[in-house]
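Chemist: sequence and predicted structure, then a few things I'm wondering about:
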Amino acid sequence: MAYELKTKENDRSVLEFIENVQSPKKREDAYKLLDIFTEATGYQAKMWGPSIIGFGKYHYKYETGHEGDAPLVGFSPRKAKISLYFATGDSNRDEVLARFGKHTSGKACVYINKVADIDVEVLKEMIHQSVKFLTDLYPSE
């Protein structure tokens, strides 16, 4: 049974979304991350779903037949923590995260409290690594 993906690229304003982040500190960090991700990827920020700011896009297709589009990297300034989205399955990820700074991580997300807690140069390395990993794994046709 096919299902509709909730997290799709849309035309909502990234700046408007950031301006509506309630915490002034999180809003400030969101602007910092916007600059870092834009510079590191060379892609214009786009909204994905209601709350993810994504950069670039790739099309995936699993062996199960499930397919869709997703951002190469992204972030979301959520109420509790800031979520950073990187590729899953990259074997170099743990080595880089060891140098990243204060964070927690799940399967696809890395969570931080604030930009000041992390090494921005390592963040840029993670962004480049994730983009390369996904564009190698899913080359655009």
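Modeler: Yep, it's here. Not measured: the values here are computed from a predicted model.
Chemist: how many neighbours does Leu137 have?
Modeler: 12 (other CB atoms under 10 Å). Every C-beta, even on glycine, is put in place using the N, C-alpha and C of the backbone.
Chemist: so who does it touch?
Modeler: Shown in contact with Leu137 (CB atoms under 8 Å, 6 or more residues apart in numbering): 87, 89.
Chemist: where does it land on pLDDT?
Modeler: At Leu137, the pLDDT value in this model is 90.
Chemist: look up how far Val131 lies from it.
Modeler: Distance from Leu137 to Val131, counting by CB to CB, to the nearest Å: 11 Å.
Chemist: kindly report the same for Lys32.
Modeler: Using CB to CB, which is the criterion applied here, Lys32 is 19 Å from Val131.
Chemist: more neighbours: the two, which one.
Modeler: Taking other CB under 10 Å, Lys32 and Val131 do not tie; Val131 has more neighbours (21 against 14).
Chemist: give me phi/psi at the more buried one?
Modeler: phi -60, psi -50 (degrees, to the nearest 10).
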